[in-house]
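Undergrad: I'll drop the sequence and a predicted model, then ask my questions.
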Amino acid sequence: LDNEDNKGYRYLGMLEGVDFHIREVKEMTKKEYISRVRKILKADMIGEYTMQAICAFALPVLRYTFGIMKWMQGELRKLDVKTRKMLTMKGIHHPKGNVHCLYLHRSKGGRGLTGVEDTHNCECAALAKYVIHSDDPLTQMVQNTPTPTQKFLLKYAAAPKFTTPDMTDDNHHKGLCEKPLHGKFFCQQAEIPQVDIKQSHLWLHRAQLWPETEAAICAAQEQTMVTNQIRKEIFKQDVDPLCRLCRKEKESISHIVSGCEMLAGTKYTEKHNKICQYLHWCILQDFHIPVNANWRKHKPKPAVLILNQVSVTYDLKQEVDIAVEANMPDIVVLDEKEGRALIIDVTIPMDINMVKTAAGKYKKYRDLEIATKKQYHLKKVHTIPVVVGALGTICQNLDGLLAKVSPCANLDLIQKEVLLGSAHILRHTLTDLVT
C-alpha cells in the first residue's frame with residue numbers, strides 16, 4: 001500500500017498505511033491545533049470563554065492521539081509554549097505571568113487553561129489504568145502483548161508518571177505558592193483570618209471580563225507588573241524603588257492600588273464612590289423610591305426623606321447631641337418606625353489589612369451608634385463596614401452584612417467594580433503595564 005500511495009488512508013481519524021503514519025499525523029494535528037487556537041483568539045470572547053474554547057475546540061484534536069501514538073514531552077512543551085506566545089501576543093497572558101497560574105483551575109484563582117502536556121499525561125494515565133483493570137479479553141491481550149506503544153503507555157499506570165486532573169491542579173497550586181514573588185499574594189490571602197477563598201476567586205467565573213483586563217488583574221495578583229521596586233530588587237537595575245507619584249514608599253502593586261497618598265483624593269475616591277453609589281441605589285429601590293434603571297446613572301442626593309419616618313443620608317455629616325469625632329459615614333439609613341438605624345461605610349484597603357480595617361470601622365463609629373440610638377430612641381443601631389480587598393479578596397461575613405444593607409445588593413458586582421477600578425489605576429500609573 002505504501003509503495004502505491006504514500007498518503008495512506010484514514011481509519012477512525014488516524015492516517016494509516018501498513019502502519020500508522022506517526023510523523024504525518026503529528027504534523028497534521030499540530031497544525032490543526034494551532035489553527036483552531038488562532039481562530040478562537042480572533043473571536044474576541046471574554047476571558048473565561050476563551051479558555052474554555054481552547055479546551056473544548058482546539059485541544060481535542062491532540063487529545064484523540066494521546067495514548068495511541070508516542071508523544072515526547074519536548075514536543076508537548078513546545079506546543080504549550082506556542083499557545084502561551086499566541087495568548088501573549090493578543091494580550092490575554094502577561095509576558096511575565098506565572099505558568100502555574102495560567103493552568104490552575106479558576107476556582108483556585110488561576111486562569112483555567114488546560115495544558116497540552118497536562119492533558120497528555122492525564123489521558124495516558126487514565127488509558128493505562130483502564131487497560132490494566134479491564135476484564136475485556138481483547139483489552140487483556142493488549143496488556144499482555146509487548147509493543148513499544150504498550151510499554152510507553154503502561155509507564156503511566158504507576159508513580160511517578162501516574163496523574164489525574166485533580167493531582168495536576170494540586171501540583172500547579174503548589175508550584176504557584178512556592179514562588180516567593182508570584183505566589184506571595186495567594187499565600188498571604190490564605191492566611192487572612194476569616195477570608196472567603198471561594199468567594200474571592202468567584203470573579204474569575206462571574207465577572208465576565210475581557211481577557212486583557214483579566215490578564216492585568218491576574219498579573220497584579222502575581223506581582224509580575226514592572227514597578228520601580230521590581231526593577232530595583234528583581235531586575236537589579238539602577239533605579240529609585242520609590243513610588244513615581246508620592247516618592248515616599250516603595251512602588252509595589254499593593255501600594256499603587258491602595259496606599260499611595262497622591263491617588264487618595266482622585267482614583268481611590270472614584271472607586272470608593274462607585275460602590276457607595278450602587279449601595280445607595282439598592283437601598284432606595286428597597287423603599288420603592290423611583291430611581292434610574294441603570295445604577296451607573298444614579299446620582300445620590302445628600303438626604304432622602306421617606307414618609308417622614310425613614311431617611312437615607314449620603315456622605316452627610318450626622319447631627320447628634322453629643323460631640324462625635326467620626327460623624328460622617330458614607331450612608332446612614334434611619335428608620336424611626338422600626339426603631340433601627342444602619343451606619344454603612346465602604347472601604348477598599350490592601351488585601352492583607354482587611355480584618356484590621358473592618359475592626360477599625362466598628363470602633364470608629366461606636367460613639368456615633370450610641371449618640372444616634374439615644375437621640376432618636378432607637379432599639380438597634382448597627383455599623384456595617386463594606387470591606388473589599390483592592391485585588392478582590394472577600395471576607396466570610398460580607399454576604400450577610402450586604403443582606404442587612406439591601407436584599408438586592410450583589411456582592412459579585414461590587415467585587416467586579418473594585419477589580420475594574422484597581423485595573424484602571426494600574427493602567428493609569430504604570431505606563432509599561434504590558435511590557
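TA: In hand now; what should we look at? All of these numbers come straight from a predicted model, not from anything done at the bench.
Undergrad: So, low pLDDT: which residues of the protein?
TA: 1-21, 431-435 (pLDDT under 70).
Undergrad: Residue 121 against residue 165, yeah?
TA: No: counting by Cβ atoms under 8 Å, residue 121 sits too far from residue 165 to count as a contact (10.0 Å). To be clear about C-beta, it is placed using only N, CA and C from the backbone, and glycine gets the same treatment.
Undergrad: who's more crowded, the two?
TA: residue 121 (22 against 15; other Cβ atoms under 10 Å).
Undergrad: can you give me the strands in the stretch 1-150 of the chain?
TA: For the stretch 1-150 of the chain, strands defined by DSSP state E, counting those that start in this stretch occupy the ranges 9-11, 14-16.
Undergrad: go on, the stretch 201-350 of the chain?
TA: Using DSSP E, counting those that start in this stretch, strands in the stretch 201-350 of the chain cover 303-306, 310-314, 331-335, 340-347.
Undergrad: Now render those as JSON lines, adding distance to residue 61 and mean neighbour count.
TA: What follows is the strands of the stretch 201-350 of the chain, written out as JSON lines (distance: least, Cβ to Cβ, whole Å; neighbours: other Cβ atoms under 10 Å):
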{"stretch": "strand 303-306", "distance to residue 61": "59", "mean neighbour count": "14"}
{"stretch": "strand 310-314", "distance to residue 61": "56", "mean neighbour count": "20"}
{"stretch": "strand 331-335", "distance to residue 61": "54", "mean neighbour count": "22"}
{"stretch": "strand 340-347", "distance to residue 61": "48", "mean neighbour count": "22"}
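Undergrad: Using TSV, please lay out the ones you listed together with distance to residue 427.
TA: Output for the strands of the stretch 201-350 of the chain, formatted as TSV (distance: least, Cβ to Cβ, whole Å):
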stretch	distance to residue 427
strand 303-306	35
strand 310-314	29
strand 331-335	29
strand 340-347	23
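Undergrad: quick one, helices of the stretch 251-400 of the chain?
TA: Applying DSSP state H, counting those that start in this stretch to the stretch 251-400 of the chain gives helices spanning 253-258, 261-264, 267-286, 354-364, 366-376, 398-405.
Undergrad: repeat for the stretch 51-200 of the chain
TA: 59-63, 73-89, 99-103, 116-133, 137-144, 148-154, 165-177, 184-191, 197-200.
Undergrad: same for the longest one, what does it pack against?
TA: It stands for helix 116-133. helix 59-63, helix 73-89, helix 137-144, helix 148-154, helix 165-177 (3 or more Cβ pairs under 8 Å, 6 or more residues apart in numbering; DSSP states H and E).
Undergrad: export the ones you listed to TSV and tack on distance to residue 233?
TA: TSV is the format used below for the helices and strands packed on helix 116-133 (distance: least, Cβ to Cβ, whole Å):
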stretch	distance to residue 233
helix 59-63	38
helix 73-89	24
helix 137-144	55
helix 148-154	45
helix 165-177	20
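Undergrad: quick one: which of those is nearest residue 34?
TA: Each of the helices and strands packed on helix 116-133 was scored for nearness to residue 34 using Cβ to Cβ, and the closest is helix 73-89 (6.5 Å).
Undergrad: Report how many residues lie close to residue 398.
TA: 22.
Undergrad: My guess is it contacts residue 385. True?
TA: No: with contact defined as Cβ under 8 Å, residue 398 does not count as touching residue 385 (9.1 Å).
Undergrad: which residues does residue 209 contact?
TA: Neighbouring residues of residue 209 by Cβ atoms under 8 Å, 6 or more residues apart in numbering: 46, 47, 203, 217, 416, 419, 420.
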